[in-house]
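S.K.: Let's see this in three dimensions:
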Amino acid sequence: MLDLIIKNCNLANGQTGVDVGVQDGRIVAIQPALQASAGEVVDAQGQLLSAPFIDPHFHMDSTLSYGLPRVNQSGTLLEGIALWGELKPLLTQEALVERALAYCDWAVANGLLAIRSHVDVCDSRLLATEALLHVRERVKPYLDLQLVAFPQDGLLRSPGAMDNLTRALDMGLDVVGGIPHFERTMADGAESVRLLCEIAAERGLRVDMHCDETDDPMSRHIETLAYQTQRLGLQGRVNGSHLTSMHSMDNYYVSKLIPLIREAGVSAISNPLINITIQGRHDTYPKRRGMTRVPELLEAGVTVAFGQDCVMDPWYSLGSGDMLEVAHMGLHVAQMTGQDAMNACFEAVTTAPAKILGLDETGIDVGKRADMVLLQAGSPVEAIRLRATRLHVWRGGKRVASTPPATASLMLEGRPQTVDFRSR
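M.R.: Okay, here's the model as predicted:
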């Protein structure tokens, strides 16, 4: 007897009307009309069973801090960084943990079962590091939390940042981060990329850089990142996040740059909600969208994912932990409205970030861990269009969240009843 069978579901790869069997936390069968009994049987009724959503770029140390100590009146990146600098001395470990755990509740309910969070290490107290290491252990049964040692104020620009980053990695952070475009000079930015990649190579860690998050087309640290990746043999372990300067670069230079990124095995993470909000602030009209060249990167064979980046923090006053909202915005901003392109946007919040984070056990396939989301939609495109309700969320075959389907109802004879207007 199996532990769980989900009958009559559609899959993101186009399969329809299949049954998925789960035993001991893993998917053991995917086939039509599975002949087996199970402790629990769920009839999907033709709805989409998906791999879990994954957010490959987030800032959990600042999430849900909107309005502390004040509101970002301009909505700009630089005021957000300045505001975060004002807030850091006021942070407590207890408040950091409380806000992060609250966000993780939202995440699991939304079928978001893996998050890569950048953690600011420029505070010598390393409060955020300690807090999120604690959170990582607390939420492990429900979601994978991967933590990036991120020198928010610049590795070379911020006194003590190198020592802090090293200590944070020693404490157990998973990934080496950086922000080369925020260093004092282009030369310092390139040097920070070299130093950080060497640290990752020595420790056998992955790299995820905030890279060229600017409208300046001359901010070209992604080129340096691709070079250092190849020099140090880090292929497949390095990611460039944001890459918004690529939006403003001339086409000739990009025709050279994208093949370099592909050859180096560097992936890319775009953050549509934040990139479209923060970039182009110095423009009158026409205004640049700011988001990196997602279709071109995908066409070249680069792995591209979408991240949430911020939720109710000094940089962004909105957000809900809904990765379908992220995919929806990315689809529109990148003008990816063909069927294959829209499916790629769904992959950008599910399977593509799993690859970037090295989550080899994630996916709807036999042998994989049974982390799954049943959506109130028949296909990935419909799921994005509707920002579909997460009917059920499973972690290792155990249900961790459920949401009633979205329906219309009327009070009839003193109780709510579902309405089918077609039959009235």
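S.K.: got the phi/psi numbers for S192?
M.R.: Dihedral pair for S192: phi -60, psi -40, per degrees, to the nearest 10.
S.K.: can you list the weak-confidence ranges in this protein?
M.R.: Scanning the chain for pLDDT under 70 picks out 410-414, 416-424.
S.K.: the strands in the stretch 101-250 of the chain, which residues?
M.R.: Assigned by DSSP state E, counting those that start in this stretch, the strands in the stretch 101-250 of the chain fall at 112-120, 144-150, 175-178, 206-211, 238-242.
S.K.: so which strand or helix has V393?
M.R.: For V393, the host element (DSSP states H and E) is strand 390-395.
S.K.: That strand - contacts with which helices or strands?
M.R.: Here strand 390-395 touches helix 93-109, strand 372-375, strand 398-402, going by 3 or more C-beta pairs under 8 Å, 6 or more residues apart in numbering; DSSP states H and E. C-beta here means a position set from N, CA and C on the backbone, and glycine is covered the same way.
S.K.: if we go to 10 Å?
M.R.: If you count contacts as 3 or more C-beta pairs under 10 Å, 6 or more residues apart in numbering; DSSP states H and E, strand 390-395 packs onto strand 2-11, strand 38-43, strand 48-50, helix 93-109, strand 112-120, strand 372-375, strand 398-402.
S.K.: follow-up on the earlier one: turn the strands of the stretch 101-250 of the chain into a markdown table, including mean neighbour count and distance to L90.
M.R.: What follows is the strands of the stretch 101-250 of the chain, written out as a markdown table (neighbours: other C-beta atoms under 10 Å; distance: least, C-beta to C-beta, whole Å):
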| stretch | mean neighbour count | distance to L90 |
| --- | --- | --- |
| strand 112-120 | 27 | 14 |
| strand 144-150 | 25 | 19 |
| strand 175-178 | 28 | 23 |
| strand 206-211 | 27 | 24 |
| strand 238-242 | 27 | 27 |
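S.K.: Tell me the spatial nearest neighbour of G75, not counting adjacent residues.
M.R.: Spatial nearest neighbour of G75, chain neighbours left out: T277 (6.9 Å); criterion: C-beta to C-beta, 6 or more residues apart in numbering.
S.K.: Check the spacing between the one you found and M291 real quick.
M.R.: 10 Å (C-beta to C-beta, to the nearest Å).
S.K.: circling back to that earlier point, same list (the helices and strands packed on strand 390-395) but as a markdown table, adding distance to A149.
M.R.: As requested, the helices and strands packed on strand 390-395 are exported to a markdown table (distance: least, C-beta to C-beta, whole Å):
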| stretch | distance to A149 |
| --- | --- |
| strand 2-11 | 37 |
| strand 38-43 | 41 |
| strand 48-50 | 31 |
| helix 93-109 | 16 |
| strand 112-120 | 6 |
| strand 372-375 | 30 |
| strand 398-402 | 29 |
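S.K.: I'd like to know which of the ones you listed is closest to R70.
M.R.: helix 93-109 (16.5 Å; C-beta to C-beta).
S.K.: Would you mind pulling up the elements that the closest one packs against?
M.R.: Helix 93-109 sits against strand 53-58, strand 112-120, helix 127-139, strand 144-150, strand 390-395, strand 398-402, with contacts defined as 3+ C-beta pairs under 10 Å, 6+ apart.
S.K.: can I get the strands of the stretch 101-250 of the chain in TSV with distance to P404?
M.R.: Putting those into TSV (distance: least, C-beta to C-beta, whole Å) gives the following:
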stretch	distance to P404
strand 112-120	19
strand 144-150	27
strand 175-178	37
strand 206-211	37
strand 238-242	36
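S.K.: C122 and L156 touch, don't they?
M.R.: No. In this structure C122 lies outside contact range of L156 using C-beta atoms under 10 Å: 11.7 Å.
S.K.: Comparing those two, which residue is more hemmed in?
M.R.: Set C122 next to L156 and count neighbours by other C-beta atoms under 10 Å: C122 wins out with 22 against 19.
S.K.: What separation do you get for the more buried one and T166?
M.R.: Look at C122 and T166: by C-beta to C-beta, they are 13 Å apart.
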